[in-house]
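>>> Based on what follows, work out the 3D shape:
(chains A and B)
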Amino acid sequence: MTDGNISPRSYDIASLDAYVEKAENATDYAYARELARDLTYYSGIAANIEIDLFRAANSAPEALKQLLSRSILLARALRCTVERSLPLELNTDLALCLERAASFAYFVAQSLSLAMRNVPPFHLGAGRDSARRMSRNLEASLRLVRALTADVDASARLEWSPLAALAQQLIMLQALLLPATSRNRYMEELEAELYFLTKIHAGRFIPLIYAFRQFGRVVQLRFAVRTGISPMRRISVFLHWVLSSNLRTWSAIGPLLAFSFINVYTRQGWGSTVVALPAIAAFYAGVKWIRNRWDIETKRKSPPE
Amino acid sequence: MGKFPRMTLPTQLVLRALLNEPAREMYGLEICAAAGLQPGTIHPILARFEDIGWLESCFEDVDPREVGRPRRRYYRLTSNGVEQARLAVAQARSKVPQTGSFGQPQHVGELT
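Residues are numbered from 1 along each chain as shown, chains lettered A, B, ... in the order given. As a prediction, this is how the structure comes out:
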């Protein structure tokens, strides 16, 4: 059953290899499409192996079952990745995506093939052949994708437009505002995303908008990186801590009230100070209201028995 | 149960986007597109998830000098993160529309 759905074309690696070698324009994403089509056949193999391995897993020993389950997941991931990549008309991105999928699946197929050597054939049946075939074909396809990726990247190095260069400067400035321990990481990560946007939106404002949006969140990112807690959350935690104790609450509000009363007295005299006394009641009611609203209970010492 | 981050709407959208395919590694722009959020919103959220161990990230395994471009950083939920994230999303009080209805999920190649 493993061969049933596979076109002979999918095994014609040599001709595809020659096609890529003869190609002059490496940026033409016809190569990537060609390759994607080829890898789709491999995803067909992956789908078949998935079925075979599922059958084998029902009778294999526990350790092998785990390996098989893992390979089933990986085969599924490969198929999903290939399917998702097909509509992409960005050759480099597609090639990179496929390379990752292929190398991932190749590793598993190889491990699986090794593991199957010591297992009685009746346990595994067609799954063993499928794994070997998958391993062999993916090895060839991986080699091709690597060659393609290198060609495409070498020939399509990005030329930064003035707008993109400005966006890049903004990203660098943002990185400088981050903690030193995370600076290099975010600079590289954000530059990679900017590179991608610049490549597909060359000469447009999109990369600059991206950089401005990133820059606008630098404070949140800085706090998140440093403490793992957002600034608002930090303020909220602090306010809860203050309000959970009468001593802390009135130590903070008391001096402020006292200063206000002294200020009123020195400017307007005793009469106005007396009129301002209800402010104390208003503050008390305000604190009580916030405590109720935020569901804060004040700590009280338990009475002695 | 580990500590939960504050489940704001963007936080829930990011979690839902990651939970759609927990085994898949995604980079920042992909997560933005999948969650329907603007760039810049997600990195603080991802940093918080990494801090509490729900998320792991790594740069892609290429040499930037060879490929002539910076390396992408890929994110993936940890096994513990998958469980905790599912729990957190389920417990989140605010009702979030399914990923995609808030902002049309885009393919990476269609990012604007």
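>>> shaky segments in the chain?
You didn't say which chain, so I picked chain A. Screening chain A residue by residue with the criterion pLDDT under 70, one finds the ranges A:1-160, A:201-203, A:227-231, A:299-305.
>>> um, chain B though
Within chain B, the ranges that satisfy pLDDT under 70 run B:1-4, B:93-112.
>>> In it, which residue sits nearest chain A?
The shortest separation between chain B and chain A is 3.2 Å, found at B:Asp51 (distances taken as C-beta to the nearest C-beta). Heads up, the C-betas are built off the backbone N, CA and C, glycines and all.
>>> hang on, that residue packs against A:Ser182?
No. B:Asp51 is not in contact with A:Ser182 according to C-beta atoms under 8 Å; the separation is 11.1 Å.
>>> what is in contact with the two at once?
Common neighbours of B:Asp51 and A:Ser182, using C-beta atoms under 8 Å, 6 or more residues apart in numbering or on different chains, do not exist here.
>>> Look up how far B:Glu56 lies from the residue of chain B positioned farthest from its centre.
In chain B, the residue that sits farthest from the middle, by C-alpha atoms, centre = their mean, is B:Glu66; the gap is 28.3 Å. In this structure, B:Glu66 lies at 25 Å from B:Glu56, with C-beta to C-beta, to the nearest Å as the measure.
>>> residue ranges of the strands in chain B, please?
For chain B, strands defined by DSSP state E occupy the ranges B:26-27, B:55-59, B:73-77.
>>> need those strands in JSON lines with mean neighbour count and distance to A:Phe196, can you?
Output for the strands of chain B, formatted as JSON lines (neighbours: other C-beta atoms under 10 Å in any protein chain shown; distance: least, C-beta to C-beta, whole Å):
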{"stretch": "strand B:26-27", "mean neighbour count": "21", "distance to A:Phe196": "9"}
{"stretch": "strand B:55-59", "mean neighbour count": "16", "distance to A:Phe196": "14"}
{"stretch": "strand B:73-77", "mean neighbour count": "21", "distance to A:Phe196": "12"}
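>>> how deep is the residue of chain B closest to chain A tucked in, by neighbour count?
17 (other C-beta atoms under 10 Å in any protein chain shown).
>>> How about the one 3 residues further on?
By the other C-beta under 10 Å criterion, the neighbourhood of B:Trp54 contains 23 residues.
>>> if I pick it, what's in contact with it?
B:Leu77, B:Thr78, B:Asn80, B:Gly81, B:Gln84, B:Ala85.
>>> Weed out the non-buried ones from the residues you listed.
In terms of neighbour count (16 or more other C-beta atoms under 10 Å in any protein chain shown), the buried residues within those are B:Leu77, B:Thr78, B:Gly81, B:Gln84, B:Ala85.
>>> hey, what's the first one bridged with?
B:Leu77 has the following beta-bridge partners by DSSP bridges: B:Leu55.
>>> Quick check: the gap between it and B:Leu9.
Using C-beta to C-beta, we find B:Leu77 at a distance of 19 Å from B:Leu9.
>>> Next: the last one.
According to C-beta to C-beta, B:Ala85 stands 15 Å off from B:Leu9.
>>> Kindly report the same for A:Pro179.
From A:Pro179 over to B:Leu9 (counting by C-beta to C-beta), the distance is 27 Å.
>>> Close to chain A: what parts of chain B are there?
Within chain B, the positions adjacent to chain A are B:6, B:21, B:23-25, B:27-29, B:38-41, B:43-45, B:47-48, B:51-52, B:59-60, B:64, B:66-73, B:107-109, B:111-112 by C-beta under 8 Å from any C-beta of the partner chain.
>>> can you give me phi and psi for B:Glu60?
Taking degrees, to the nearest 10, you get phi -70, psi 150 for the backbone angles of B:Glu60.
>>> Just to check, it is in contact with B:Tyr75?
No. Using C-beta under 8 Å, B:Glu60 makes no contact with B:Tyr75, being 11.6 Å away.
>>> picking up where we left off before, okay if I get the strands of chain B as TSV plus distance to A:Phe205?
Output for the strands of chain B, formatted as TSV (distance: least, C-beta to C-beta, whole Å):
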stretch	distance to A:Phe205
strand B:26-27	22
strand B:55-59	28
strand B:73-77	25
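>>> Other residues contacting stretch B:67-83?
The set of residues external to stretch B:67-83 that reach it, using C-beta under 8 Å, 6+ apart, is A:149-150, A:153-154, A:157-158, A:185, A:188-189, A:191-193, A:195-196, B:2, B:18-19, B:22-28, B:31, B:46, B:49, B:53-60, B:62, B:64, B:85.
>>> buried stuff in stretch A:207-218?
For stretch A:207-218, burial by neighbour count (16+ other C-beta under 10 Å) applies to A:Pro207, A:Leu208, A:Ile209, A:Tyr210, A:Ala211, A:Phe212, A:Gln214, A:Phe215, A:Arg217, A:Val218.
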